[in-house]
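Participant: coords below, sequence missing:
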């Protein structure tokens, strides 16, 4: 809750988000415990029930603006940025000038918080059509255009407080 307040959220909203986070985390713990006890951990039933818990957080993402959702992720210890570690020299990303340290913030005008989200986004749409990719480089926002499909980068996700970029 303190991290949310420090990010500029009002006390009521910070408390509400903390309660949602804590309830979701407890629900996950109880689900895992039950699945282990009953022998269905890792089975379709477990994945289905975990997906339902994930959808609660997805709904929260839709409910909050990007800045508040970003602060929520940081406060809950989740990833908020996708960082390029390296690019294959012949890849679309390298040809567009992406390289180590670049932070991918948006893909096709959609905010990206994790490497997994970015990988999924690159499979959506018509292959080879161009999409905008918003990148933070040395404190400056730039936009590059890449074809839909594999970017050809090694990347990781990390948590960065919204104001520290």
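Facilitator: All right, it came through fine. Please read these numbers as outputs of a predicted model, since none were measured by experiment.

Participant: Run through who's touching stretch 10-26.
Facilitator: Residues from elsewhere that reach stretch 10-26, judged by C-beta atoms under 8 Å, 6 or more residues apart in numbering: 1, 4-5, 9, 53, 56-57, 60, 68, 72, 75-76. Just so you know, the C-beta spots here come from the backbone N, C-alpha and C atoms, and that holds for glycine as well.

Participant: buried set for that stretch?
Facilitator: Buried residues in stretch 10-26, counting neighbours by 16 or more other C-beta atoms under 10 Å, are found at 14, 17-18, 20-21, 24.

Participant: how about the helices in this structure?
Facilitator: With helices called from DSSP state H, the chain shows them at 2-6, 11-38, 44-63, 66-75, 92-95, 115-121.

Participant: Residue 68 is in contact with residue 61, correct?
Facilitator: No. If you go by C-beta atoms under 8 Å, residue 61 and residue 68 don't touch, sitting 9.9 Å apart.

Participant: wait, isn't residue 81 in contact with residue 157?
Facilitator: Yes. Assessed by C-beta under 8 Å, residue 81 is found in contact with residue 157 at 6.9 Å.

Participant: Common neighbours of the two, please.
Facilitator: Common contact partners of residue 81 and residue 157 (C-beta under 8 Å, 6+ apart): residue 113.

Participant: So which of these two has more stuff around it?
Facilitator: Neighbours per residue (other C-beta atoms under 10 Å) separate residue 81 from residue 157, with residue 81 holding more: 23 against 18.

Participant: Identify the residues contacting residue 160.
Facilitator: 74, 80-81, 103 are the contacts of residue 160 under C-beta under 8 Å, 6+ apart.

Participant: can you put those in CSV and add distance to residue 144?
Facilitator: Formatted as CSV, the contacts of residue 160 follow (distance: C-beta to C-beta, whole Å):
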residue, distance to residue 144
74, 26
80, 21
81, 17
103, 13
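
Participant: Show me just the buried residues among these.
Facilitator: Among the contacts of residue 160, those classed as buried by 16+ other C-beta under 10 Å are 74, 80-81, 103.

Participant: can you redo those residues as a markdown table with pLDDT and distance to residue 89?
Facilitator: Formatted as a markdown table, those follow (pLDDT from 0 to 100; distance: C-beta to C-beta, whole Å):
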| residue | pLDDT | distance to residue 89 |
| --- | --- | --- |
| 74 | 89 | 34 |
| 80 | 92 | 29 |
| 81 | 95 | 24 |
| 103 | 96 | 21 |
